[in-house]
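1. need the 3D shape of this:
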Amino acid sequence: MKLDAALPPIPLKDVPSIAQSAEAIGFDALWTQETQHDPFLPCTLIAEHSTRLNFGTAIAVSFARSPANLAYTAWDLAAQSSGRFMLGLGTQVKAHIERRFGMPWPESVTGKLREQIQVIRAFWDCWQNGTKLNFRGEYYKTTLMSPFFNAGAIEKPNIPIYIAGVNTGLAKLAGEMCEGFHAHPFHTAKYLHEVILAGIAEGLQKENRKRKDISVSVTAFAATTPEEQGFARMQIAFYASTPSYKAVMDLHGWGATAEKLSGFAAKGEWHEMPMLITDEMLNEFCLVTDENGLADDLKKKYNGIADRLTLYTPFIPKEKDAWWKKLAEEFSES
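-> Now for the predicted structure:
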C-alpha cells in the first residue's frame with residue numbers, strides 16, 4: 001500500500017516548496033484537487049520541482065472540460081515529468097455542473113464519461129502512433145487532426161486514467177477501462193468491500209481484466225485528537241447531506257439521517273448538521289485512533305481494499321513535518 005499526500009488549496013507560489021517537502025518526506029504521490037483552484041496548474045510546478053514524486057488530479061471535473069482539453073493537458077504533463085503524471089477525473093454532481101460550470105448534465109453519466117475516456121485515448125493514440133483520429137459517439141464526434149495541431153509522440157505515453165465515484169456504475173466503468181479508481185472519502189470499509197470493490201470486480205470480469213490491472217486509491221478520514229474528530233464529523237455530515245451519496249448511508253440503515261441532513265443543507269443550517277453524526281457513524285467513516293497506532297490501524301482497516309492511501313488531512317509542511325515523516329516511514333516498513 002503506497003502512502004500519498006493531498007495538496008492543500010493554496011496559491012501557486014507555494015506549490016514548489018510543498019512538492020519538495022512531499023518528496024523529501026517519502027510520499028509516493030501528491031494529488032491536486034479542484035476546489036478553490038484549477039487542479040492542473042499546480043501539476044506543472046510539482047513536475048518541475050521534484051524528480052521522483054508521482055502526481056495527479058484527484059480530481060479534475062471532467063464534465064466541465066472537453067476531452068481534447070484533457071488529452072492535451074495530460075500529454076504535456078506526462079512529457080514534462082517523464083511519465084509521473086496520473087489523470088484523475090470526476091463527474092461532480094448535477095447542480096455544480098449546471099449551476100457552477102454552466103455546462104449540460106448528461107442523460108447517462110457513465111455513458112458520457114466512457115466516451116470522454118475513449119476520445120482522450122483516441123487523441124493519444126493518434127499522436128503517439130499516427131492512428132487516424134475518428135471517434136463518433138453519442139456525445140462526441142472528433143475526426144480532425146492536422147499536423148499543425150498534432151502534439152507528437154512522447155517518451156512515456158501510457159498515462160494512467162483514474163476515475164472517481166461513490167456508486168456502482170462508475171466503479172464498474174473503472175473496472176472495465178481504467179487504470180485506477182479514486183474512492184470518495186465519504187465511505188465505510190463495508191461500503192468499499194460490498195459496493196465499490198464488487199463493482200470494480202464486475203467491470204474487470206466483463207473485459208477479462210485482473211485486479212492487478214487497476215489501482216484503488218482511497219482518501220481516508222483519520223482522527224488522533226478531539227479537534228480532528230470534530231472536523232471529521234462536520235465533513236461527514238456535509239457529504240451525507242448530498243442526495244446522490246445516500247446509498248452509503250442506506251447500506252448501514254442510516255437513510256433517515258441522510259434525509260434530515262439534506263433538509264438542513266437545503267435551508268443552509270450547516271451548524272445543526274454535525275450533531276446528527278453519532279459516535280457509531282463517526283467510527284464507521286473515520287478511523288479514530290492515537291498517533292502511535294495510526295499507521296498500523298490504517299493498514300489494518302484498508303488491507304485488501306486500497307493500493308494507494310491518502311489522508312483527508314491536506315499535507316502542509318512545517319506544521320507537522322515530523323508527524324508526516326514518521327507516518328511515511330511506518331508505511332514503508334510494511
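2. tell me the phi and psi of residue 31?
-> phi -100, psi 140 (degrees, to the nearest 10).
3. what about it, how many residues nearby?
-> Residue 31 has 28 neighbouring residues, counting by other CB atoms under 10 Å. The way it works is simple: take the backbone N, C-alpha and C, and place the C-beta from them, glycine included.
4. that one touches residue 55, doesn't it?
-> Yes: counting by CB atoms under 8 Å, residue 31 touches residue 55, with 7.1 Å between them.
5. any figure for the gap between residue 23 and residue 17?
-> Using CB to CB, to the nearest Å, residue 23 is found at 11 Å from residue 17.
6. which one of these two has more residues nearby?
-> residue 23 (20 against 14).
7. what's the more buried one in contact with, if anything?
-> 50, 51, 52, 53 (CB atoms under 8 Å, 6 or more residues apart in numbering).
8. SS state for the third one?
-> Judged by DSSP: H, G, I helix; E, B strand; the rest coil, the three-state class of residue 52 is coil.
9. need phi/psi at it.
-> When read as degrees, to the nearest 10, the backbone of residue 52 gives phi -110, psi -30.
10. next: the last one.
-> Phi and psi for residue 53, reported as degrees, to the nearest 10, are phi -60, psi 120.
11. just the first one next, same as before
-> The phi and psi torsions at residue 50 (degrees, to the nearest 10) take the values phi -150, psi 160.
12. that one and residue 17 touch, don't they?
-> No: Residue 50 is beyond contact range of residue 17, at 11.2 Å (criterion: CB under 8 Å).
13. send over the helix or strand of the chain with the lowest mean pLDDT as CSV, restricted to the C-alpha atoms.
-> Lowest on mean pLDDT, DSSP states H and E among the helices and strands of the chain sits helix 321-332, with a mean of 86. Backbone C-alpha positions of helix 321-332 (Å, rounded to 0.1, in the frame of the first residue of the first chain) are rendered in CSV as follows:
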residue,chain,number,x,y,z
ASP,A,321,6.8,17.5,9.4
ALA,A,322,7.9,15.1,12.0
TRP,A,323,4.4,13.6,12.2
TRP,A,324,4.2,13.1,8.4
LYS,A,325,7.7,11.7,8.2
LYS,A,326,7.0,9.1,10.9
LEU,A,327,3.8,8.0,9.2
ALA,A,328,5.6,7.7,5.8
GLU,A,329,8.4,5.7,7.4
GLU,A,330,6.0,3.3,9.1
PHE,A,331,4.2,2.8,5.9
SER,A,332,7.4,2.0,4.0
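14. domains in the protein, by residue range?
-> Domain assignment for the chain by automatic domain parsing gives 2-222+290-332, 225-288.
15. and residue 330, what is it in contact with?
-> 295, 296.
16. gap between it and residue 217?
-> Residue 330 is 19 Å from residue 217, by CB to CB.
17. any low-confidence regions in the chain?
-> 319, 334 (pLDDT under 70).
18. show me the strands in it, by range?
-> Applying DSSP state E to the chain gives strands spanning 2-6, 29-32, 54-57, 60-61, 85-90, 135-136, 141-142, 161-165, 180-183, 215-223, 286-288, 308-311.
19. what helices or strands is the fifth one leaning on?
-> Okay, so that is strand 85-90. On a contact count with 3 or more CB pairs under 8 Å, 6 or more residues apart in numbering; DSSP states H and E, strand 85-90 meets strand 54-57, strand 60-61, helix 67-80, helix 109-129, strand 161-165, strand 180-183.
20. which residue packs closest to residue 257, ignoring adjacent ones?
-> Among residues not flanking residue 257 along the chain, residue 276 sits closest, at 5.5 Å (CB to CB, 6 or more residues apart in numbering).
21. relative to residue 101, which of the helices and strands packed on strand 85-90 is closest?
-> Of all those, strand 60-61 sits nearest to residue 101, with 6.9 Å by CB to CB.
22. tell me what the closest one is packed against?
-> Strand 60-61 packs on strand 85-90, going by 3+ CB pairs under 8 Å, 6+ apart.
23. and the spatially closest residue to residue 73 that is not a sequence neighbour, how many neighbours?
-> Take residue 73 and drop its neighbours on the chain: the residue closest to it by CB to CB, 6+ apart is residue 40, 5.3 Å away. Number of residues near residue 40 (other CB under 10 Å) recorded here: 20.
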